[in-house]
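> what follows is a predicted protein model with its sequence.
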Amino acid sequence: MTDNKEKIIEIKNLKKHFETPQGSVRAVDDISFDIYRGETFGLVGESGCGKSTLIRTILRLLPPTSGEIWFNGRDIAPLHRKRDLKPLRKEMSLVFQNPHSSLNPRMTVYDTLARPFRIHGITKTKEETTIEIVKVLKTMGLQAEHMIRFPHELSGGQKQRIAVARALAVEPDVIFLDEPTSALDVSVQTKILKLLEATKEERQLTYFYISHDINLIRVVSDRIAVMYLGKIVEIGKTPLIFGEPQHPYTVGLFKSVPIPDPDRKIGEMSLQGEVPSPVNPPQGCNFNPRCPHAMDICRKEEPELKTTEDGRQIACHLYNR
Ligand code: SF4
């Protein structure tokens, strides 16, 4: 847990809309929040809520529709030339969800890991590259002998360690982890999460996890944000949000997580109704058709994300009156 208040990323009114024959899909719809240097930030929400689009827009793998993305004190939203974006690939890296498809099956571990060193000019000779590869493999609990292997010769856990090693190779400031362990079994998940935690301390990294796995986010994150239909609805320190969730969506989302509790009533188990189409979201608060507390104002006015007395931010008319 970090109490550092130096902002490494500041997102201001970020939007990412996609034009489709059905209309404009508002995958990221006017989002603002900060990430502090050295923290582990977790973003949760149901599949399709816009989590992956949000991080790909922050990473500038996708151009934003509008808004600002301040990274290390510079707005990177307007950048579009390849040569301006290239340094970002070194400063922020991404670990994909599925290690089975994120590694090139025709490349050895050596070639996969040598690429970022070469592209960013971190090493000058083959010898230097090999030394760095061995170091990064060691960080992820692997040996030099893994260098000559192809992905099909590795287990799922080893593949994901290679994917993390590739993200670490460029010595980034921030690593984005998109469902990093969802393709792995539980014992392998635990090992990878421990390695990630140890590496974070050692290299003073900032982590940004996204997952639909609420228990994973609860365990790893210092602060969390809850996303629904392209918007952040609640954000704050993890013990606060998990100890006392307040936004009706957060409450419903957490209740839908299977936990062994014989006193829990069946009716409390899950969110009601379907997620509306992001092409045609409801007027006012976009959660109103599913919200058990919806009021007239909720169908007319969109609630703003406001800070409450306990320090969390919440976008709900119940708390913003
Ligand atoms: Fe429910 Fe209204 Fe709050 Fe939206 S603003 S979550 S509809 S109470």
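Everything's here; your move.
> number of residues surrounding Glu201?
Applying other C-beta atoms under 10 Å, we find 9 residues neighbouring Glu201. To be clear about C-beta, it is placed using only N, CA and C from the backbone, and glycine gets the same treatment.
> now it, what's its secondary structure?
Three-state call for Glu201 (DSSP: H, G, I helix; E, B strand; the rest coil): helix.
> next one: Phe176 from Ser155, what distance?
24 Å (C-beta to C-beta, to the nearest Å).
> neighbour count winner among the two?
Phe176 (26 against 11).
> pLDDT of the strand or helix carrying that one, averaged?
Using DSSP states H and E, the element containing Phe176 is strand 174-178. Average pLDDT, strand 174-178: 94.
> what residues are up against the residue lying closest to Ile69 once chain neighbours are set aside?
Excluding its sequence neighbours, the residue lying closest to Ile69 (C-beta to C-beta, 6 or more residues apart in numbering) is Ala77, at 4.5 Å. By C-beta atoms under 8 Å, 6 or more residues apart in numbering, the contact set of Ala77 is Leu14, Arg60, Pro64, Gly67, Glu68, Ile69.
> who's in contact with the second one?
Shown here is Arg60, whose contacts under the criterion C-beta under 8 Å, 6+ apart are Ile69, Ile76, Ala77, Leu79, Leu85, Leu88.
> redo that, cut-off 10 Å
Ile69, Phe71, Ile76, Ala77, Leu79, His80, Asp84, Leu85, Leu88, Arg89, Met92 (C-beta atoms under 10 Å, 6 or more residues apart in numbering).
> distance of the fifth one from Lys300?
By that I understand Leu79. According to C-beta to C-beta, Leu79 stands 38 Å off from Lys300.
> these two - which one has more neighbours?
Leu79 (17 against 12).
> give me the nearest residue to the more buried one, chain neighbours excluded.
The nearest residue in space to Leu79 (C-beta to C-beta, 6+ apart) is Leu85, at 5.5 Å.
> so which strand or helix has the one you found?
Leu85 belongs to helix 82-91, assigned by DSSP H and E.
> so where is the chain shaky, pLDDT-wise?
For the chain, applying pLDDT under 70 flags the ranges 1-4, 258-270, 321.
> assign Thr190 to helix, strand or coil.
helix.
> give the contact list for it.
Thr190 touches Thr181, Leu184, Val219, counting by C-beta under 10 Å, 6+ apart.
> angles on the backbone of the spatially closest residue to the second one that is not a sequence neighbour, please.
I take that to be Leu184. In this structure, Leu184 finds its nearest non-sequential neighbour in Gly156, 5.3 Å apart by C-beta to C-beta, 6+ apart. Per-residue torsions, Gly156: phi -60, psi -40 (degrees, to the nearest 10).
> again with the one 3 residues further on
Torsion angles at Lys159 (phi, psi; degrees, to the nearest 10) stand at phi -60, psi -40.
> nearest residue to it in space, ignoring adjacent ones along the chain?
Lys159 sits nearest to Pro99 (C-beta to C-beta, 6+ apart), 3.7 Å away.
> do I have it right that that neighbour meets Leu154?
Yes - when contacts are counted by C-beta atoms under 10 Å, Pro99 is listed as touching Leu154 (8.6 Å).
> related to what we said a few turns ago, now, the contacts of Ala77 that are in strands?
Leu14, Gly67, Glu68, Ile69 (DSSP state E).
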